[in-house]
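Engineer: Return atomic coordinates for the entry below.
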Amino acid sequence: MADPGSRPYDIITFDCYGTLIDWETGIADAFRDAAAADGVRLDPAAAQRALREKEPESQAAAYRSYRDVLTETAMVVADKLGWKLSRARAAFLPESLPSWKPFADTNAALTRLSQAGYELGILSNVDDDLFAHTARRLGNPFHAVITAQQVRSYKPALGHFQAARERLGLSPANWLHVAQSLYHDHAPAKSLGLRTVWVDRPTRLTGTGLAPALPSTVEGRVPSTVEGAAHAIPDARTTTLTEVADLFEA
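Structural biologist: Numbering: from 1, shown residues only. Coordinates of the predicted model:
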C-alpha cells in the first residue's frame, strides 16, 4: 500500500453490513427473539447456515427490494428449521435491521478517517430507508451512499461500483474500497482495478459466516458479473477498522 501519510486516495468506500455493522449478531438476535415470541427454540448457528445458503440465491434473481429479500429469506430459513411463518410474520427480519449495531471499533475509525481528509462512501446491498436508520447509528459521515435500491442490483454485480465511478468521478487512482466479503466486494472491485482492504472480521459462530469466502467456492463457479476475478487478492488484510484507520490516517 502507499505511504499512509501521503493520503493516497480521495475517497474510501465501505461495505456496510458485516464490515461496519455487526450483522451476524443482529440477525442471530432477530431470529432468536422472534422464534422465542412464537414459543420456538432455534439454534442460531443453524439459522446462520441456512441464511447463508439462501440469501445469495435471492439476491441473484430479478431485483426486488432488500426488505423483500430479507422477508423471503426469513421464511425459507424458518421453514428449514421447522418453524412455519407467514409472510407478514417473516417481516421481523427486515424490521430488525435498524437495531443492528456497529462493531465497537467502527465509529471511531470512521471519524479518524474523515478528520484525516478522506471522503467516505457506502456501497451497500440495502434499501434507502433501511440504511437511513443505520446511517444515524454511524454518525452519518458519508459523502455518498449508493444502495441496491438505487442501482437495482446486488453485489457482486457491478452496479454499485459503476454508479460510484460515474457519479463521483472516481478511478482506481483515487479510490479505495474496504469490505469484509471477498465474494460480494473484493471480487467485483478487483475486476475494475480498484485497491481494496479486507476487514477479515472473525465470525462469532464458527463455520457460519454469512459471506462465501471466495467466488470460486460458490457452487464451483463465479458470477458472470465478476468473471475473471475468482482469485481477487486484497491489497491489505486487517481484522478491525481501527487497523484501517492506522494505515491511512495522516
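
Engineer: Now the element after the biggest helix by length in the chain, going C-ward?
Structural biologist: The longest helix of the chain (DSSP state H) is helix 44-60. Using DSSP states H and E, the helix or strand that follows helix 44-60 in sequence is helix 66-80.

Engineer: between that next one and helix 44-60, how many degrees?
Structural biologist: Angle between the axes of helix 66-80 and helix 44-60 is 130 degrees (criterion: axes from the mean of the first three to the mean of the last three Cα atoms, to 10 degrees).

Engineer: residues of the helix or strand of the chain with the lowest mean pLDDT that come out buried?
Structural biologist: Across the helices and strands of the chain, mean confidence by mean pLDDT, DSSP states H and E is lowest for helix 44-60: a mean of 74. Residues of helix 44-60 classed as buried: 44, 47-52, 54-56, 58-59 (neighbour count, 16 or more other Cβ atoms under 10 Å). For glycine as for every other residue, the C-beta is placed from the backbone atoms N, C-alpha and C.

Engineer: Stretch 99-113 too?
Structural biologist: 100, 102-103, 105-107, 109-110, 112-113.

Engineer: Could you check the helix or strand P94 falls within and say which residues are buried?
Structural biologist: When elements are assigned from DSSP H and E, P94 belongs to helix 92-96. Neighbour-count burial for helix 92-96, with 16+ other Cβ under 10 Å as criterion, is recorded at 92-94, 96.

Engineer: okay, now E119: neighbour count?
Structural biologist: 19 (other Cβ atoms under 10 Å).

Engineer: same deal with A61?
Structural biologist: Per other Cβ under 10 Å, the neighbour tally for A61 reads 10.

Engineer: re earlier: same list (the buried residues of stretch 99-113) but as a markdown table, adding distance to A132.
Structural biologist: Putting the buried residues of stretch 99-113 into a markdown table (distance: Cβ to Cβ, whole Å) gives the following:
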| residue | distance to A132 |
| --- | --- |
| W100 | 13 |
| P102 | 15 |
| F103 | 20 |
| D105 | 23 |
| T106 | 17 |
| N107 | 17 |
| A109 | 21 |
| L110 | 17 |
| R112 | 24 |
| L113 | 21 |
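
Engineer: Quick one: mean pLDDT over stretch 72-82.
Structural biologist: In this model, stretch 72-82 has a mean pLDDT of 90.

Engineer: ok, now stretch 146-161?
Structural biologist: Averaged across stretch 146-161, pLDDT comes to 96.
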